[in-house]
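In: Show me how the following folds:
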Amino acid sequence: MSNSMIEYFGYIGSFFVALSLLMSNVYKLRIINFIGAIIFVIYGYIIKANAVWLVNFFIACVDFYYIIQLKTSKNIFRFIKLECNDIIRDFINFYSQDIRKFFPNFEKLNFEELNYYLIIRNFVIVGIFAYRIIDNEKLFIEIDYIVKEWRDLKNAKNFFRFILENPDFKGKKFITETTNKEHIDYLLKVGFRNIENNIYQFSV
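Out: Next comes the predicted model:
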């Protein structure tokens, strides 16, 4: 391997380490940092820099340990149905800027008319789900939001499993509208299907 190729290898490792620091999700941070550390282990071994590969080998082991912990740890989920109250308002106000990315018109809503679920994971409020009733069959999702640090799909998959098992929603259809690609990817992953141009539906 030429010196220039070895140098590029080091740059790639640096890129992954730097990228990991931009991750708000701890699991993603560990995965990307692990990749960067492994690259530096190889890089350090090639250039015979023991200090480089030994330290990064230790970092990779630590990352691997926490990846396994995060992947296998049990979570406690609670979904609490609420009417609009101070907790709901404070949560929405605190995360309003990020919520707006996925639901740009949410601030025009009449919050008093919506039905809410707080999404709680390991006794931490991690998200909010708000919908309005269209008719006896259809429910329109106005807000379906999880804070950045907890976005790993476990919240959504457990919540929609709860919806499927809840007799109150039997025969209902949850509808939402979006053009946000990230939001669309999320909807498809948790079981929604596209029924019109920008309309997605989850049938119970």
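In: From here on, just use CA atoms for contacts and neighbour counts.
Out: OK.
In: Tell me who's in contact with the residue nearest to the spatial centre of the chain.
Out: The residue lying closest to the centre of the chain (C-alpha atoms, centre = their mean) is residue 151, at 1.5 Å. Counting by C-alpha atoms under 8 Å, 6 or more residues apart in numbering, residue 151 touches residue 25.
In: check contacts around residue 34.
Out: Residue 34 is in contact with 59, 60, 63, 64, counting by C-alpha under 8 Å, 6+ apart.
In: which phi and psi does the last one have?
Out: Okay, so that is residue 64. Dihedral pair for residue 64: phi -60, psi -40, per degrees, to the nearest 10.
In: and it, how many neighbours?
Out: Using other C-alpha atoms under 10 Å, residue 64 is surrounded by 17 other residues.
In: how about the strands of this structure, start to end?
Out: Secondary structure of the chain by DSSP state E: the strands cover 77-82, 115-121, 124-133, 138-146, 173-177, 193-194, 199-203.
In: Just put the ones you listed in CSV and tack on mean neighbour count.
Out: Shown next, in CSV, are these (neighbours: other C-alpha atoms under 10 Å):
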stretch, mean neighbour count
strand 77-82, 16
strand 115-121, 20
strand 124-133, 19
strand 138-146, 20
strand 173-177, 19
strand 193-194, 16
strand 199-203, 19
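In: pLDDT score for residue 133?
Out: On pLDDT, residue 133 comes in at 95.
In: For the residue nearest to it when sequence neighbours are not counted, give me its contacts.
Out: Nearest non-adjacent residue to residue 133, counting by C-alpha to C-alpha, 6 or more residues apart in numbering: residue 139, 4.6 Å away. Residue 139 makes contacts with 131, 132, 133, 172, 173, 174, 175, as judged by C-alpha under 8 Å, 6+ apart.
In: Residue 139 pairs with what?
Out: Residue 139 has these beta-bridge partners by DSSP bridges: residue 133, residue 174.
In: gap between stretch 169-179 and the chain center?
Out: Chain-centre distance of stretch 169-179: 20 Å, with C-alpha atoms, centre = their mean, to the nearest Å.
In: then it to CSV, C-alphas only?
Out: What follows is stretch 169-179, C-alpha atoms only, in CSV (Å, rounded to 0.1, in the frame of the first residue of the first chain):
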residue,chain,number,x,y,z
PHE,A,169,-58.9,1.5,17.8
LYS,A,170,-60.2,-1.7,16.3
GLY,A,171,-61.3,-1.0,12.7
LYS,A,172,-59.8,2.6,12.7
LYS,A,173,-57.5,4.1,10.1
PHE,A,174,-54.8,6.6,11.1
ILE,A,175,-54.2,9.1,8.3
THR,A,176,-51.3,11.5,8.0
GLU,A,177,-50.0,13.8,5.2
THR,A,178,-46.3,14.6,4.6
THR,A,179,-43.8,15.4,1.9
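In: From the contacts of residue 34, which land in helices?
Out: Counting by DSSP state H, these place 59, 60, 63, 64 in helices.
In: Now restrict those to buried residues only.
Out: 59, 60, 63, 64 (16 or more other C-alpha atoms under 10 Å).
In: Residue 9 versus the nearest residue to the last one once chain neighbours are set aside, what's the distance?
Out: When you say that, I think you mean residue 64. With C-alpha to C-alpha, 6+ apart as the criterion, residue 64 has its nearest non-adjacent residue at 6.8 Å, and that residue is residue 34. Residue 34 sits 15 Å away from residue 9, taking C-alpha to C-alpha, to the nearest Å as the criterion.
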